[in-house]
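Chemist: The following comprises the amino acid sequence and a computationally predicted model.
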Amino acid sequence: MRPRRLFPFVLCLTGCLPSLGCTDLSAPAASTQPARPQPVAISTPAPSNLASVPEQGTAPTDCRLPVASHDAPMDGHPDHGTVGHGGFIRFHDLTGTFVPDPNSMGAYDRAVARWLPVPRAWVLPDGSAYAYADPGAVHVVAAASGVDRQIPVPGTYHVLDFTPQGIFVTPGQGLALLDPSRGTLHQITGSGTWTVIGDGVAFGADLDPGDASPFGSAPDRIQQLDLATGAISTYRTFPGHAVELLGVRGRGPIFTVSDTGGTSVVVGGQTIAAPSVANEAPPAVTDGNTIWFSGHSGAIARWDGTGAPRFTGDPRLEGDVLVAGVCR
């Protein structure tokens, strides 16, 4: 459970954020401005397994960033949610203006110029297909035609990420990789709770039983899973704090660390020491060297690797605003 927001956030608007053994599934088997939160004072040395930043430039300064509303269809069913509360933030020289789109849903697929009823992570990177799950089946949908192919699975799985290597799914505990072409399922691990997929690794957060003074029942430890071997290791523990995973860049997680003093965001081994980052929310989307942070209070943020993130919002964007693609 996400820890309770500890301090109010006030936004200043600018303008109106891969050899796998397989199992054949065909066989049974928010003029007064209150004080902003201060960043948590933490030391975060970069772990030795942290990969370098992708060799790409930052996102354009003139572009359209698709954003989804908190009530948008997200489970693969267009009628499960409200269409049209999201749209695009149109940036011009980093100044953003929100433009609603009556067709907006969970993710915007530029390959077919269409909104899809799923989170961005469930869309294949080339935009040709997306995945979602129902009890007993994982669906693979052709983005252009809408043709929906069902792949039987034993029980109920949830989609985490659709990658060129396959569809990462979980029954709640553990992680598996579904080959959508062969319809085969490979269990990577039967333990752990995993939420984000990176380059050869997955990350999840849990409560370290050795923490003598936990921050309530909030997770305080980030666990790392090697997708090739299934080996689980501890990435980092923050005793007495609450952590939440937002996303991943390469092999490094993007996450928050909170306590009664406020919240900070960590990207790999670097802490972003900006009080206003307390607005963060998952997912964080990597766009070259730029990271777009989804946010609370009707706002998103852009961070290009240095300094403080730039926040942009609009009164028409209420509650959580989710980054639904990259900015182009």
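Modeler: Okay, I see it. Numbering: from 1, shown residues only.
Chemist: Next one: residue 303 from residue 190, what distance?
Modeler: Look at residue 303 and residue 190: by Cβ to Cβ, to the nearest Å, they are 36 Å apart. For every residue, glycine as well, the C-beta is placed using N, CA and C.
Chemist: again but with residue 144, I slipped
Modeler: Separation of residue 144 from residue 190 (Cβ to Cβ) stands at 36 Å.
Chemist: Looking at those two, which one has more neighbours?
Modeler: Comparing residue 144 with residue 190 by other Cβ atoms under 10 Å, the one with more neighbours is residue 144, at 14 against 11.
Chemist: which residues sit in contact with the spatially closest residue to the more buried one that is not a sequence neighbour?
Modeler: Excluding its sequence neighbours, the residue lying closest to residue 144 (Cβ to Cβ, 6 or more residues apart in numbering) is residue 112, at 5.0 Å. Residue 112 makes contact with 127, 143-144 under the criterion Cβ atoms under 8 Å, 6 or more residues apart in numbering.
Chemist: three-state assignment of residue 112?
Modeler: Put simply, residue 112 is coil when judged by DSSP: H, G, I helix; E, B strand; the rest coil.
Chemist: now do residue 105
Modeler: For residue 105, the assignment made with three-state DSSP gives coil.
Chemist: Test for you: state the pLDDT assigned to it.
Modeler: We have a pLDDT of 98 for residue 105.
Chemist: Do I have it right that it meets residue 73?
Modeler: Yes: using Cβ atoms under 8 Å, residue 105 is in contact with residue 73, at 4.8 Å.
Chemist: Now do the shared contacts for these two.
Modeler: With Cβ under 8 Å, 6+ apart as the test, residue 105 and residue 73 both reach 81, 83, 117.
Chemist: Most neighbours among these, which one is it?
Modeler: residue 117 (22 neighbours).
Chemist: That one and residue 78 touch, don't they?
Modeler: Yes: with contact defined as Cβ under 8 Å, residue 117 reaches residue 78; the gap is 4.5 Å.
Chemist: Next, the contact list for residue 122, please.
Modeler: 76, 107, 130-132, 159, 161-162.
Chemist: Looking at those residues, which are in strands?
Modeler: Among the contacts of residue 122, the ones falling in strands (DSSP state E) are 107, 130-132, 159, 161-162.
Chemist: With distance to residue 285 and neighbour count as new columns, can the residues you listed be given to me in JSON lines?
Modeler: Formatted as JSON lines, these follow (distance: Cβ to Cβ, whole Å; neighbours: other Cβ atoms under 10 Å):
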{"residue": "107", "distance to residue 285": "10", "neighbour count": "26"}
{"residue": "130", "distance to residue 285": "16", "neighbour count": "26"}
{"residue": "131", "distance to residue 285": "18", "neighbour count": "26"}
{"residue": "132", "distance to residue 285": "19", "neighbour count": "24"}
{"residue": "159", "distance to residue 285": "17", "neighbour count": "22"}
{"residue": "161", "distance to residue 285": "13", "neighbour count": "25"}
{"residue": "162", "distance to residue 285": "15", "neighbour count": "27"}
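Chemist: Okay, and the residue nearest to the spatial centre of the chain sits in which element?
Modeler: Nearest to the mean C-alpha position of the chain, by Cα atoms, centre = their mean, lies residue 283 at 2.7 Å. Assigned by DSSP states H and E, residue 283 belongs to strand 280-287.
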